[in-house]
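>>> Sharing a sequence plus its predicted fold:
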Amino acid sequence: MIVKKSAAEIDRMAAAGAILVRALALVEGKVRPGVTTGELDAAAERFIRSQGGEPAFKGYRGFPGSLCTSPNSMVVHGIPGSYALQRGDIISVDCGVILDGWVADAARTFAVGPVSPVARKLLDTTKASLMDAVQQCRPGNRLGDVSHAVQARVEGDGLSVVRSLVGHGIGRDMHEDPQIPNYGPPDRGPALEEGMVLAVEPMVTAGRHAVRMGDDHWAIYSQDGSLAAHFEFTIAVTAEGPRVLTPWHEATD
């Protein structure tokens, strides 16, 4: 069942999202060669807690970190630790924040200094596919319109959508109905209605779409070793159109 939220509840999710956006900005400012993913994780956790929030990922199904930090061919669910970023890497950072019982979820993929043309295209296309998906998050559209927008952009640019991983509804729980694939035909699936809140998260590879599980049973890699990128917004469907609760930058008055 898809749980719809009131305007007031969406505002509370946006408050969690504001902390999350600032946490990701803090992480981005620390991304440079030599910094470990564990250091990024510790900084994000300190900040989230300093703002009265809780890291949504820490302890979730046993996950040990506050961030998922996934470099290069790792798609998602990287455990922060001793890996030191290297010049030319890309690093996907996924973060969740709980504030007053409401959850926000977002991801960005950052370049560590100058990156290859393949990596730059991957980042630009994945980010653009998320923006295309946002535009479909309107009352009267269908969930398939969101999924198809991602696929059309990604495959139109010659890249691959990871098919075995999905976005999700979000609210008081991090993972709610519906599941949101990043591919499929338009005009299919549940109708989008005011009050739905969706975590839309294109996961894209520069090679083929198949993935494999890592030895730690958390990290998921592209099967062919190609670079992977991950961008995610928490988006509310409102009468006025899509409202991104975890925008690129903190809103200013």
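Yep, it's here. Numbers count the residues shown, from 1 in each chain.

>>> For the protein, give me the ranges with low pLDDT.
Where the chain drops to pLDDT under 70, the residues are 251-253.

>>> Looking at it, which helix is longest?
Counting by DSSP state H, the longest helix found in the chain is helix 7-30.

>>> Point out the other elements, helices or strands, that it touches.
Packing partners of helix 7-30 (3 or more CB pairs under 8 Å, 6 or more residues apart in numbering; DSSP states H and E): helix 37-50, strand 90-99, strand 102-111, strand 233-238. In short, each C-beta sits where N, CA and C put it, glycine included.

>>> Extract the CA atoms of the third one and return them as PDB.
Put plainly, it is strand 102-111. Written as PDB, here are the backbone C-alpha positions of strand 102-111 (Å, rounded to 0.1, in the frame of the first residue of the first chain):
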ATOM      1  CA  TRP A 102      10.500  11.100   9.300                       C
ATOM      2  CA  VAL A 103      13.100  10.000   6.800                       C
ATOM      3  CA  ALA A 104      14.900  11.600   3.900                       C
ATOM      4  CA  ASP A 105      17.200   9.800   1.500                       C
ATOM      5  CA  ALA A 106      19.600  11.100  -1.200                       C
ATOM      6  CA  ALA A 107      22.700  10.200  -3.100                       C
ATOM      7  CA  ARG A 108      25.300  12.100  -5.100                       C
ATOM      8  CA  THR A 109      28.300  10.900  -7.100                       C
ATOM      9  CA  PHE A 110      31.400  13.100  -6.800                       C
ATOM     10  CA  ALA A 111      34.500  13.400  -8.900                       C
END
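
>>> That strand: what's the following helix or strand?
Next along the chain after strand 102-111, taking DSSP states H and E as the criterion, comes helix 117-135.

>>> circling back to that earlier point, right, so of the helices and strands packed on helix 7-30, which gets closest to residue 133?
Nearest to residue 133, of all the helices and strands packed on helix 7-30, is strand 233-238, at 8.2 Å by CB to CB.

>>> tell me the angle the closest one makes with strand 90-99.
Interaxial angle, strand 233-238 versus strand 90-99 (axes from the mean of the first three to the mean of the last three CA atoms, to 10 degrees): 50 degrees.

>>> on that earlier part again, would you reformat the helices and strands packed on helix 7-30 as CSV and include mean neighbour count and distance to residue 137?
Below are the helices and strands packed on helix 7-30 laid out as CSV (neighbours: other CB atoms under 10 Å; distance: least, CB to CB, whole Å):
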stretch, mean neighbour count, distance to residue 137
helix 37-50, 19, 26
strand 90-99, 26, 19
strand 102-111, 24, 15
strand 233-238, 24, 5
